[in-house]
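A.B. asks: quick one, structure for this:
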Amino acid sequence: MSKDKPTLEEARGRIVEKALEIAPFEGWTVPMLRKAATEAGFDRDTQRLAFPKGIMDLLEYHSQQTDNEMLERLADYDLAALKVRERVTLAVKLRIEVIAMHKDAIHRAAHMLALPMHHVSALHITYHTVDTIWRGIGDTSTDINFYSKRAILAGVYTATMMCWLEDRSDGDSETWAFLDRRIQNVMDFEKVKAKVREVAKDVPSPWSFLSAVRYPAGRKHY
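C.D. replies: All right, here's what the predicted structure looks like:
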């Protein structure tokens, strides 16, 4: 395809770039999206084709592109030499660093996604990110751990993002310290759970006890 006729993927990328420049001043609105498309050199039809659902489509697309760039940066590290907690911490940090130059735009997007009407989109965006992180650092779980890992990381990631959006410290040092504390809290919780499981395996089930009381040995029940 010629340079005069960019692909749809190229159109999306260029519109997103313009939107990130404009959104800090005009917010994530339909007029802003139209303006971004025009300044990127596209007409209304191309804009609608690129983002048929409007702003939510654009935000989801940008988030997925950010996830992809995070994966590219992760590839520069020897993940096998890192502990799981170190891999998770690294991935979250890289994910935030990718969007650091557009902090004001992301701040406005976060406020928008916090609105009840955008709850489903916010969940979809967050799930895609935490799933990408786990897969990117080598997670292959398929049992209940698959869901628990993503649920826990979603809490850590969203809390860290909120901290970062308000962080004015040098080098975002407060954010990285917050992230370390949250990861440590998770690790401590997992240790407690493991100890509880170890103790609980030798404790008689309360259900078997109640059953024995209700149906004592030798008593017939119909």
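A.B. asks: can you give me the helices for the chain?
C.D. replies: Remark: helices assigned in the chain by DSSP state H are 8-26, 30-39, 44-50, 55-74, 84-99, 103-113, 119-136, 144-166, 173-200, 206-214.
A.B. asks: which one of these is the most hemmed in?
C.D. replies: Mean neighbour count (mean count of other CB atoms under 10 Å) peaks for helix 84-99 among those, with a mean of 20. To be clear about C-beta, it is placed using only N, CA and C from the backbone, and glycine gets the same treatment.
A.B. asks: show the average pLDDT along that helix.
C.D. replies: In this model, helix 84-99 carries a mean pLDDT of 96.
A.B. asks: and the contacts of it?
C.D. replies: 66-67, 69-70, 73-74, 77, 79, 82, 106, 129, 133, 136-138, 153, 156-157, 160-161, 164, 172, 175-176, 179-180, 183, 186-187 (CB atoms under 8 Å, 6 or more residues apart in numbering).
A.B. asks: C-alpha coordinates for it, PDB please?
C.D. replies: Below are the C-alpha coordinates for helix 84-99, written out as PDB (Å, rounded to 0.1, in the frame of the first residue of the first chain):
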ATOM      1  CA  VAL A  84       8.400 -14.300  40.100                       C
ATOM      2  CA  ARG A  85       7.800 -11.300  42.400                       C
ATOM      3  CA  GLU A  86      10.700  -9.500  40.600                       C
ATOM      4  CA  ARG A  87       9.300 -10.300  37.200                       C
ATOM      5  CA  VAL A  88       5.900  -9.000  38.200                       C
ATOM      6  CA  THR A  89       7.400  -5.800  39.700                       C
ATOM      7  CA  LEU A  90       9.500  -5.300  36.600                       C
ATOM      8  CA  ALA A  91       6.500  -5.800  34.200                       C
ATOM      9  CA  VAL A  92       4.300  -3.300  36.100                       C
ATOM     10  CA  LYS A  93       7.100  -0.800  36.200                       C
ATOM     11  CA  LEU A  94       7.800  -1.100  32.500                       C
ATOM     12  CA  ARG A  95       4.000  -0.800  31.700                       C
ATOM     13  CA  ILE A  96       3.900   2.500  33.600                       C
ATOM     14  CA  GLU A  97       7.100   3.800  32.000                       C
ATOM     15  CA  VAL A  98       5.700   3.300  28.500                       C
ATOM     16  CA  ILE A  99       2.900   5.800  29.200                       C
END
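A.B. asks: skipping its backbone neighbours, what lies nearest residue 19 in space?
C.D. replies: The spatial neighbour of residue 19 that comes closest, neighbours along the chain excluded (CB to CB, 6 or more residues apart in numbering), is residue 36 at 4.0 Å.
A.B. asks: ok, the one you found to residue 26 distance?
C.D. replies: Residue 36 sits 9 Å away from residue 26, going by CB to CB, to the nearest Å.
A.B. asks: how about residue 177?
C.D. replies: Where residue 26 is concerned, residue 177 sits at a distance of 34 Å (CB to CB).
A.B. asks: follow-up on the earlier one: pick out the shakiest of the helices of the chain, pLDDT-wise.
C.D. replies: Among these, helix 206-214 carries the lowest mean pLDDT, at a mean of 42.
A.B. asks: give the contact list for residue 176.
C.D. replies: residue 93.
A.B. asks: how about residue 18?
C.D. replies: Counting by CB under 8 Å, 6+ apart, residue 18 has contacts 35-37, 39-40.
A.B. asks: determine which two of those are furthest apart.
C.D. replies: 35 and 40 (9.5 Å; CB to CB).
A.B. asks: surely residue 51 meets residue 59?
C.D. replies: No: the criterion here is CB atoms under 8 Å, and residue 51 misses it with residue 59 at 9.4 Å.
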